[in-house]
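J.: Pasting a predicted model and its sequence here:
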Amino acid sequence: MRDLTVRTARWSAGHPWRAITGWFLFVALCFGLGMTVGGNAATTEDFRIGEAGRAEAMAAEGGLGQRPVERVLITARAGALDPAAADAAARDATARMKALPEVAAVGAPIRSADGSAVRVDVTMKGPELDGKKHVEPLRAQTAQVQAAHPGLRIEETGSPSISKGVEKLRGDDLARTEMIALPVTLITLLLVFGSIALAVVPLLLALTSIVAAVGLSMLASHAFPDSGVGTNVILLIGLAVGVDYTLFYLKREREERARSGGRLSSRAVVELAAATSGRAVVLSGLAVAASSATLYLADDVIFSSIATGAIVVSLVAVVSSLTVLPALLAKLGERAERRRAARAGRPRRERRERAGGGRITVAMLRPTARHPAATLAVTVLIMLGLAAPLLSLDLTDMGRETHPRDIPAMRSYDRLNAAYPELKAMHQVVVRADPARSAEVAAALDGLAGRAKNDPNLAGTAELRTSPDRRISLLELPVPHHVSTDRARTSLEALRERHVPATIGALGGAETAVTGDVARYADYPEHQKGKLPFIIGALLLVTFAMTVWAFRSVVLGLVGVMLNLLSAAAALGLLVLVFQNTWAEGLLDFTSTGSIGSRVPLFLFVILFGLSMDYQVFVISRIREKVLDGLPTRQAVLEGIGGSAGVVTSAAFVMVTVFASFVPLHIMEMKQMGFALAVAVLLDAVVIRIMILPALMLLLGERSWWPSRRAAATAPAAPEARPLEVG
């Protein structure tokens, strides 16, 4: 691998304009192909999970699948609702909706029990997920009805409107995030390098890598359908790793240039950087990709999209660092040499690269060097203390009611549920049986509906539908509680464990399953909990194998696994402490649901394990280089940590900035993911890499490299340094 990185860098530095032009052509080709072919969006079938998913498949088989439904709500602006005016508005809305090609059916107007509202249910054509794509004509007609009846409040809500609103809010939030993350990243890089040109290079490569990855992800979506989060993941991970990989390379190039004192040409300096940091970048990128690939084991379209986006953007970032970055560095180096030659004979101040770390790093390393056992014990206890709240972790799928009220459709949703509490959620009992037994099935479902009337957690009128071939029957039971409430979950448990077995269960040969809003909400976290042990096991194995392969050390492989687990657990503990309680609501602008999104822990574990390998590989590579130079492991650890701490903390600050910019977002799961990743990276870069890792390696000494007798045993030869050519 080292030879490959050096040869690639040598060609790139020797043919800079070809490399630069080739890179931008590659980016344009990837994006152009992606736009031409188009993406493949996940369908309703791709989201089916557990018993709820099985029931939905049965219902779809009989033509009874869930359709997108919008509801026009008519209420008074003040005082009591005028029945005549409300009926006139309802007739107007009904006539307008029936004329739309997107509409399959319009129900009769329904007055609320207290007479405060009238609603019109509009069923749209097509599958459930497609509703948001075609909802705008319906909303436009509702706006016209409102204009025609100004004395009333006429509004529209439903899953399509809410999904459309969430999509728009997410897009607006991400745009604001970019406005924060990009300037902060640029300022950080300016402080690190003291050069506008060198500060712009990492951002340029990160952004072009993101563009290329977006195009490639569109192509990949035809194998792994995109659930709608792929681009978000590419932006989140791409900016972080793209800047990190370039930063590692750039800092090393600056160090080699300073060490050579002008005796080496720009090309030779770039080759030296490629032989060291280039190898670390490749290993880091492969680690992120391999770790992300474990998400495919979740058997879930959302995590498949996350895995695809993370894999594509991390590998593209590696390619950019190996191919076009050496060319850019060579050109910048040549320009610096010309300036140096022009200033020959004049006094000048040159920026010096620190080799031993900054004052803060030295201060943090001092107690570690003197008392490694005590440092290790104290810091591990602190991290375990931070992880303690994880014992009370409550995972739930974030229901529709958790969406922010900045979305107009959510405010309408609240008013709709206040007037019609039976619409908050529903259960659907689906039965598949021989058509000849349809009468028996109908009788059993009638008995189930009768039992439901006596259940305090169920309310409203049950509705029975049967497929044209009479093989599939579906009973809808209204639930007057939001899906995230205990009473909604209790009603589902009663339905599955008591009501269904006592009625439909008595029919032999009939297949039954329960779906609906509550079942979807409950089954998804259970599905994730079942997959979590396999994914975590695969993740630990991948991390261990990558570390052993990189450094030929079983001990370091075990150390890497334990440290990654420690930082992930501490970050999750802080996440629980903050978001499952209410004390930080005002500080971070959220309303606690008392739970953590079911996708967040798995996402955190996988992505963090991959990103932690960035620092693991970079830091241990520095230590290993010192050992190869003949230093004892103790001295190599202190010098390696000191020499790499600056770039690690700079890279971590960039990552923390990117991830923390997701905390102000309105969508709860994205807010939780951003917070958890920001905290995890900060803990990993500061506590793990500067305190716990060196303390462990100081205590282990030469045993750190076991089973290799010496790190040098597997060391490849360094590339030949070529002197500066003067011509």
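T.: Thanks, I have it.
J.: Which strands and helices lie in contact with the strand or helix carrying F303?
T.: Per DSSP states H and E: F303 is located in helix 301-342. For helix 301-342, the contact count by 3 or more C-beta pairs under 8 Å, 6 or more residues apart in numbering; DSSP states H and E identifies helix 2-14, helix 16-37, helix 196-220, helix 230-260, helix 266-273, helix 279-293, helix 600-628 as packing neighbours. The way it works is simple: take the backbone N, C-alpha and C, and place the C-beta from them, glycine included.
J.: again, only this time at 6 Å
T.: helix 2-14, helix 16-37, helix 196-220, helix 230-260, helix 266-273, helix 279-293 (3 or more C-beta pairs under 6 Å, 6 or more residues apart in numbering; DSSP states H and E).
J.: got a list of contacts for whichever helix or strand comes after it?
T.: Sequence-wise, the next helix or strand downstream of helix 301-342 (DSSP H and E) is helix 359-370. Contacting residues not belonging to helix 359-370 are listed as T375, L638, G642, A645, I690, M691, P694, A695 [C-beta atoms under 6 Å, 6 or more residues apart in numbering].
J.: let's see 8 Å
T.: Here helix 359-370 makes contact (C-beta atoms under 8 Å, 6 or more residues apart in numbering) with 356-357, 374-375, 638, 641-642, 645-646, 649, 686, 690-691, 694-695, 698.
J.: neighbours around the residue lying closest to L700 once chain neighbours are set aside, how many?
T.: Counting by C-beta to C-beta, 6 or more residues apart in numbering, V555 is the residue found nearest to L700 once chain neighbours are left out, at 6.5 Å. If you count neighbours by other C-beta atoms under 10 Å, V555 ends up with 19.
J.: Any regions of the chain where pLDDT drops low?
T.: Low-confidence segments of the chain (pLDDT under 70): 1-2, 262, 336-337, 339-359, 460, 709-727.
J.: For it, which residue occupies the most central location?
T.: Nearest to the mean C-alpha position of the chain, counting by C-alpha atoms, centre = their mean, stands V233 at 5.1 Å.
J.: The residue nearest to L700 contacts W706, correct?
T.: Yes. The criterion here is C-beta atoms under 8 Å, and V555 meets it with W706 at 4.9 Å.
J.: ok, back up a step: closest one to S473 out of the contacts of helix 359-370, please.
T.: Among these, V686 lies closest to S473 (C-beta to C-beta), at 59.9 Å.
J.: Identify the residues contacting the residue nearest to L700.
T.: So V555 contacts L700, R703, S704, W705, W706 (C-beta under 8 Å, 6+ apart).
J.: Following the chain past the helix or strand containing it, name the next helix or strand.
T.: Secondary-structure element containing V555, defined by DSSP H and E: helix 554-579. Using DSSP H and E, the helix or strand that follows helix 554-579 in sequence is helix 585-588.
J.: Pull the distance from that following helix to the chain's centre.
T.: With C-alpha atoms, centre = their mean, to the nearest Å as the basis, helix 585-588 stands 22 Å off its chain's centre.
J.: contact partners of it?
T.: V578, T591, S592, V663, K671, F675.
J.: Filter these down to the buried ones.
T.: Taking 16 or more other C-beta atoms under 10 Å as the criterion, what is buried in these is V578, V663, K671, F675.
J.: What is the nearest of the residues you listed to G597?
T.: Once C-beta to C-beta is applied, the member of these that ends up nearest G597 is K671, at 9.3 Å.
J.: Which helix or which strand is home to that closest one?
T.: Applying DSSP H and E, one finds K671 within helix 668-683.
J.: Which elements pack onto the helix or strand that that helix is followed by?
T.: Per DSSP H and E, helix 668-683 leads on to helix 693-700 as the next helix or strand towards the C-terminus. The contact analysis (3+ C-beta pairs under 8 Å, 6+ apart) places helix 693-700 against helix 359-370, helix 372-387, helix 554-579, helix 633-660.
J.: Dump the ones you listed into TSV; add distance to D523 as well.
T.: Listed next are those as TSV, based on distance: least, C-beta to C-beta, whole Å:
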stretch	distance to D523
helix 359-370	47
helix 372-387	28
helix 554-579	23
helix 633-660	30
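J.: just these: most buried one?
T.: Comparing the helices and strands packed on helix 693-700 by mean neighbour count (mean count of other C-beta atoms under 10 Å), helix 633-660 comes out on top with a mean of 23.
J.: name the helices or strands packed onto that helix?
T.: Against helix 633-660 (3+ C-beta pairs under 8 Å, 6+ apart) you get helix 159-193, helix 230-260, helix 359-370, helix 600-628, helix 668-683, helix 693-700.
J.: Please render those as CSV that adds distance to M383 to the earlier fields.
T.: Below are the helices and strands packed on helix 633-660 laid out as CSV (distance: least, C-beta to C-beta, whole Å):
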stretch, distance to M383
helix 159-193, 26
helix 230-260, 22
helix 359-370, 15
helix 600-628, 14
helix 668-683, 7
helix 693-700, 12
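J.: so which of those helices gets nearest V429?
T.: helix 159-193 (20.5 Å).
J.: List the buried residues in the closest one.
T.: 159-166, 169-170, 173-174, 177, 181-182, 184-186, 188-189, 192-193.
J.: that older thread, ok, the buried ones among the contacts of helix 585-588 vs S621, which is closest?
T.: Using C-beta to C-beta, those come closest to S621 at F675, 30.1 Å.
J.: That closest one - nearest residue in space that isn't next to it in sequence?
T.: Nearest non-adjacent residue to F675 (C-beta to C-beta, 6+ apart): V663, at 5.1 Å.
J.: quick one: contacts of the helix holding K671?
T.: Contacts of helix 668-683 (C-beta under 8 Å, 6+ apart): 170, 173, 232, 383, 386, 398, 402, 567-568, 570-572, 574-575, 578-579, 588, 590, 593, 596-597, 599-600, 603-604, 607-608, 611, 652, 655-656, 659-665.
J.: how about the helices and strands packed on helix 633-660, which one is nearest R520?
T.: helix 159-193 (11.8 Å).
J.: quick one: buried residues of the strand or helix carrying A444?
T.: Per DSSP H and E, A444 falls inside helix 438-453. Neighbour counts over helix 438-453 (16+ other C-beta under 10 Å) mark S438, E440, V441, A442, A444, L445, L448, A449, R451, A452 as buried.
J.: that older thread, pick out the most distant pair among the contacts of helix 359-370.
T.: Every pair of the contacts of helix 359-370 checked by C-beta to C-beta; the farthest is A374 and G646, at 25.6 Å.
J.: Okay, now the sheet partners of the helix or strand harbouring T512, with direction.
T.: Assessed by DSSP H and E, T512 sits inside strand 511-516. Applying DSSP bridges to the sheet, strand 511-516 is found paired with strand 425-432 (antiparallel).
J.: which residues does I74 contact?
T.: L81, A86, A89, A90, A93, A117, V118, R119, V120, L152, R153, I154.
J.: hmm, 10 Å instead?
T.: 81, 85-90, 92-93, 109, 111, 117-120, 145-146, 149, 152-155, 419 (C-beta atoms under 10 Å, 6 or more residues apart in numbering).
J.: Narrow the residues you listed to those in strands?
T.: R111, A117, V118, R119, V120, L152, R153, I154, E155 (DSSP state E).
J.: Now for the first one: which residues touch it?
T.: When contacts are counted by C-beta under 10 Å, 6+ apart, R111 touches I74, L81, P83, A86, D87, A90, A117, V118, R119, A419, Y420.
J.: Repeat the analysis, applying 8 Å as the threshold.
T.: P83, A86, A117, V118.
J.: And these, which is closest to P501?
T.: Nearest to P501 among the contacts of R111, with distances taken as C-beta to C-beta, is A117, at 37.5 Å.
J.: Could you report the neighbour count for the closest one?
T.: By other C-beta under 10 Å, neighbour count at A117 equals 21.
J.: residues of stretch 102-113 that come out buried?
T.: E102, V103, V106, P109, R111, S112.
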